[in-house]
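Q: quick one, fold the following:
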Amino acid sequence: YLPLIGEGKHISSTENENDIVRKCQESLKQVHEYLSDFNVTNGYLIFFWENKKLKLNNSLATIDHLGINYIEYSGKRIFIVIIDIAANDSPSTSKYTSISMDCDKWMQAIKH
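A: Numbers count the residues shown, from 1 in each chain. Here you go, the predicted model:
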């Protein structure tokens, strides 16, 4: 029996960039700890993204044909899925700021 390990987080429209970065880092650490506790190698971190003003720009490895981001650390692979649930404007009128998250930025909470 191998449990499916995952965590879902909500990113609200009121959260600022610092809140979002902290939540991403802490959530990754949480899933990594779950994987270690259950001795499982793959897990999932799912964000339900409601924030229209801030969007996440990952520069992480991807599964080629799916485009799903993931991070590997100490034998654990965590897939990061972002589901946009915001009532967005049309793409031509949308104005938002990107939050850049590279692997080092994601991993700060795990490594410290």
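
Q: pick out the residue nearest the middle of this structure.
A: By Cα atoms, centre = their mean, the chain has its centre lying nearest to Ile80, at 4.5 Å.

Q: could you check how far Leu35 is from Ala87?
A: 34 Å (Cβ to Cβ, to the nearest Å). (C-beta placed from N, C-alpha, C; glycine too.)

Q: ok, which stretches of the protein are helices?
A: 17-38, 103-111 (DSSP state H).

Q: lowest-confidence helix or strand of the chain?
A: Taking mean pLDDT, DSSP states H and E as the measure, the helix or strand of the chain with the lowest value is strand 61-63, at a mean of 74.

Q: can you list the strands that that strand pairs with?
A: Using DSSP bridges, the strands paired with strand 61-63 are strand 68-73 (antiparallel).

Q: ok and the partner strand relative to helix 103-111, angle-wise?
A: In terms of direction (axes from the mean of the first three to the mean of the last three Cα atoms, to 10 degrees), strand 68-73 departs from helix 103-111 by 50 degrees.

Q: of Leu35 and Ala87, who's got more company?
A: Each of Leu35 and Ala87 has its neighbours counted (other Cβ atoms under 10 Å); Leu35 has more, 21 against 8.

Q: so who does that one touch?
A: Ile5, Thr41, Asn42, Gly43, Lys76, Ile78 (Cβ atoms under 8 Å, 6 or more residues apart in numbering).

Q: beta partners for Phe47?
A: Following DSSP bridges, Phe47 is listed with bridge partners Lys9, Ile82.

Q: pretty sure it contacts Ile83?
A: Yes - applying Cβ atoms under 8 Å, one finds Phe47 in contact with Ile83, separated by 6.9 Å.
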